[in-house]
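Novice: everything below, folded, please.
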Amino acid sequence: MSVLVPIDDSDPAMKAVEHAAETYAGDTVTLLHIINPRAGMYGDEALYAYESILESKQQAAADLFDRASELAAEHDCSVQTESIIGFPARDIVSVATDEDIDHIIIGSHGRTGASRVLLGSVAEQVVRRAPCPVTVVR
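Specialist: Coordinates of the predicted model:
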């Protein structure tokens, strides 16, 4: 079974990794991190500092993968890692489709009300668009 776990630097993402590792112990799980280089960049900063900001985000992704891999290893689950530049919800679904993923396990912050409407929910968008079953972990 091919399992995809999109991760960011949040507690719900690490809970999703742990859930996947427990559920698919002995299997290989793919951890996916989407680097959105425009997130947190405004105005001229986006134009002049793109390369250094991208490099910083790639290093942060490597550290994130190390942390998640250690967590998965505690449950005898091996991981593959993939990091791409893009937009989280759209590219999670694209990877799942392109790589013929059987199951996605994703963390959710559990936002409700106005914050959910204003900020959107990557997990909700993935659930609506994914080509396979999705488990949402809070």
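
Novice: which helix is the longest one in the protein?
Specialist: helix 50-73 (DSSP state H).

Novice: helices or strands up against the helix or strand that that one is followed by?
Specialist: Under the assignment DSSP states H and E, the closest C-terminal helix or strand after helix 50-73 is strand 78-85. Judged by 3 or more CB pairs under 8 Å, 6 or more residues apart in numbering; DSSP states H and E, the packing partners of strand 78-85 are strand 28-35, helix 50-73, helix 88-98. Every residue, glycine included, has its C-beta placed from N, CA and C.

Novice: now do the buried residues in the first one.
Specialist: Just to be clear, that refers to strand 28-35. Neighbour-count burial for strand 28-35 flags 29-35 (criterion: 16 or more other CB atoms under 10 Å).

Novice: now do that strand against helix 88-98, angle only.
Specialist: In terms of direction (axes from the mean of the first three to the mean of the last three CA atoms, to 10 degrees), strand 28-35 departs from helix 88-98 by 140 degrees.

Novice: also the second one?
Specialist: For the pair helix 50-73 and helix 88-98, the angle between their directions (the same axes, to 10 degrees) equals 60 degrees.
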